[in-house]
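Q: Fold the following.
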Amino acid sequence: MEEKRVFNPHDAFFKEVFSRREMARDFLKHYLPEEVAALLDLDTLTVARGSFVDEALRQHYSDVLYRVRLRDGNEGYVAVLFEHKSYADRWVALQVLRYMVRIWEQQRKQDVALTPVIPVVVYHGVTRWSVPQDFGSLIVGLDEALRPYFPDYRYHLCDLSEYSDEEIVGTAHLQMALLLMKYALSGELWERLPGILRLFEEVWRGERPTALMYFEAVLRYVSGVTGDIEGEELREVIKEAFSEGGEAMETILERWERQGFQKGMQQGLQQGTQRGIRQGLLEAIELGLNLRFGVVGLGILPQVRKIEDVDRLRAIKQALLSAEDVDDLAVLLRPTDGVKAAS
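A: Reported below is the predicted structural model:
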């Protein structure tokens with residue numbers, strides 16, 4: 001039976017943003033190394049249909065792949081991947097390599113020449129990325145004489161925690177998206193939200209039906225991340241963001257009054273909100289176990305991930321603050337009568 005994928009608001013929002021060609025183009029223009037961006041004809045970006053990410057990777061990555069022409073006339077690929085864990089995963093280089101090999105295997109089946117793949121990992125965890133970006137670093141004790149026999153490559157990392165708000169550039173669409181992701185896991189999102197939403201005034205000057213759809217996607221993301229925020233609270237934040245009024249605010253609030261935005265959020269989150277809260281708790285517990293107990297702590301993650309009840313997960317998260325070792329969490333990991341576990 002196919003495993004049901006856990007709803008994740010970060011994954012959904014990333015796909016919403018980076019599946020838009022103009023957003024991907026703007027991101028690559030500003031966040032790739034200049035010498036790499038100069039080799040790409042970004043005006044030729046097209047979404048490559050089909051999936052190159054296997055089921056094991058889909059719990060970590062959005063599947064967004066763009067085909068692009070190189071300025072020398074040859075064709076290449078740009079793979080834009082999203083890593084939404086809240087800690088630096090040392091195995092990302094291996095996971096991304098598997099992704100790249102799947103692309104090349106597809107080309108081999110088509111009997112076409114292999115093309116360059118530029119892997120980009122966008123990371124928005126609460127701590128800075130702290131592991132090497134080259135695959136060779138995963139192979140320990142490698143003598144220089146043996147190095148030619150092992151593959152090596154680097155992925156490009158965009159670590160949003162390293163950017164000040166002023167350094168996050170691009171169109172207003174892109175700035176809104178990156179700032180939202182930057183603060184989504186930090187606990188500062190609600191405080192920063194009015195300032196981020198003010199960027200919508202510039203978005204509004206473009207194609208307005210598209211702008212409203214984008215704004216609704218933003219609100220769905222905020223609701224999915226915060227979990228327990230009521231629609232009326234979001235409405236008040238919108239009013240604060242557009243305190244000077246204007247046509248954009250009037251249109252948004254008019255649509256809100258007609259419940260257009262609220263209905264859209266409810267439809268997008270009715271099935272996923274609980275799963276989104278659960279996923280957020282799992283990520284927080286994973287980070288806590290890693291920081292408190294290292295490899296030993298991460299060893300109990302398979303048991304934790306079987307728990308569907310969010311109250312039990314909240315209890316585990318809270319217990320992490322005072323637990324002296326993983327054994328202190330054992331009682332919370334045991335199934336109880338009437339409590340459903342994920343299969």
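Q: all helices for the stretch 201-343 of the chain, in order.
A: Along the stretch 201-343 of the chain, the stretches classed as helices by DSSP state H, counting those that start in this stretch are 208-226, 231-241, 247-257, 260-269, 273-298, 301-305, 310-319, 330-333.
Q: Check those helices for me: which has the lowest mean pLDDT.
A: Taking the average pLDDT of each of the helices of the stretch 201-343 of the chain, the minimum falls on helix 260-269, with a mean of 54.
Q: mind listing the helices for the stretch 1-150 of the chain?
A: Under the criterion DSSP H, counting those that start in this stretch, the stretch 1-150 of the chain carries helices at the ranges 9-18, 21-31, 34-37, 55-58, 92-109.
Q: can I get the CA coordinates of the second one in PDB?
A: It stands for helix 21-31. Coordinates of the C-alpha atoms in helix 21-31 are reproduced here as PDB (Å, rounded to 0.1, in the frame of the first residue of the first chain):
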ATOM      1  CA  ARG A  21       8.500  30.500 -13.300                       C
ATOM      2  CA  GLU A  22       9.000  34.200 -12.500                       C
ATOM      3  CA  MET A  23       9.600  33.400  -8.800                       C
ATOM      4  CA  ALA A  24      12.200  30.700  -9.600                       C
ATOM      5  CA  ARG A  25      13.900  33.000 -12.100                       C
ATOM      6  CA  ASP A  26      14.100  35.900  -9.600                       C
ATOM      7  CA  PHE A  27      15.500  33.600  -6.900                       C
ATOM      8  CA  LEU A  28      18.200  32.100  -9.200                       C
ATOM      9  CA  LYS A  29      19.100  35.600 -10.400                       C
ATOM     10  CA  HIS A  30      19.700  36.900  -6.900                       C
ATOM     11  CA  TYR A  31      20.800  33.900  -4.800                       C
END
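Q: That helix - contacts with which helices or strands?
A: helix 9-18, strand 40-47, strand 64-70, strand 75-83, helix 172-184 (3 or more CB pairs under 8 Å, 6 or more residues apart in numbering; DSSP states H and E). All C-beta spots, glycine's among them, are computed from the backbone N, C-alpha and C.
Q: Could you chop the protein up by domain?
A: Taking automatic domain parsing as the criterion, the chain consists of the domains 9-167, 187-269, 277-333.
Q: what's the least confident stretch among the helices and strands packed on helix 21-31?
A: Set side by side, the helices and strands packed on helix 21-31 give their lowest mean pLDDT on strand 75-83, at a mean of 70.
Q: beta partners of L157?
A: Per DSSP bridges, the residues bridged to L157 are V121.
Q: could you measure the residue lying farthest from the centre of the chain against A79, distance?
A: Each residue of the chain has a distance to the centre, and by CA atoms, centre = their mean the biggest one is for A145: 38.9 Å. A145 sits at a distance of 32 Å from A79 (criterion: CB to CB, to the nearest Å).
Q: ok, now E16?
A: Here E16 is placed at a distance of 18 Å from A79 (CB to CB).
Q: So those two - more neighbours on which side?
A: A79 (22 against 19; other CB atoms under 10 Å).
Q: looking at the sheet around the more buried one, what are its partners?
A: Partner residues in beta bridges with A79, using DSSP bridges, are L65, P119.
Q: List the residues that contact it.
A: Applying CB atoms under 8 Å, 6 or more residues apart in numbering to A79 gives the contacts F52, V64, L65, Y66, V96, Y99, M100, I103, V117, I118, P119, V120.
Q: Take those and lay them out in CSV including neighbour count and distance to R220.
A: Formatted as CSV, the entries for these read as follows, by neighbours: other CB atoms under 10 Å; distance: CB to CB, whole Å:
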residue, neighbour count, distance to R220
F52, 20, 27
V64, 21, 18
L65, 20, 24
Y66, 24, 24
V96, 24, 28
Y99, 20, 27
M100, 19, 31
I103, 18, 30
V117, 21, 31
I118, 21, 30
P119, 23, 28
V120, 23, 24
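Q: wait, Y99 sits on V120?
A: No - between Y99 and V120 there is no contact under CB atoms under 8 Å: 11.3 Å.
Q: So what's the residue count around the closest residue to A184 other than its chain neighbours?
A: Nearest residue to A184, sequence neighbours excluded (CB to CB, 6 or more residues apart in numbering): V225, at 4.8 Å. Residues contacting V225 under the criterion other CB under 10 Å number 21.
Q: Assess the claim that V225 and P9 are in contact.
A: Yes - applying CB under 8 Å, one finds V225 in contact with P9, separated by 5.4 Å.
Q: Tabulate the domains of the chain (TSV), appending distance to L180.
A: Output for those, formatted as TSV (distance: least, CB to CB, whole Å):
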stretch	distance to L180
domain 9-167	7
domain 187-269	6
domain 277-333	15
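Q: closest to M181 out of the ones you listed?
A: If you check each of the domains of the chain against M181 by CB to CB, domain 9-167 wins as the nearest, at 4.3 Å.
Q: so how many other residues sit close to the residue lying closest to A24 once chain neighbours are set aside?
A: Closest residue to A24 in three dimensions, ignoring its sequence neighbours and counting by CB to CB, 6+ apart: F18, at 5.2 Å. A count of nearby residues for F18, using other CB under 10 Å, gives 22.
Q: ok, F18 to K29 distance?
A: Using CB to CB, F18 is found at 13 Å from K29.
Q: and what of I168?
A: Distance of I168 to K29, computed by CB to CB: 14 Å.
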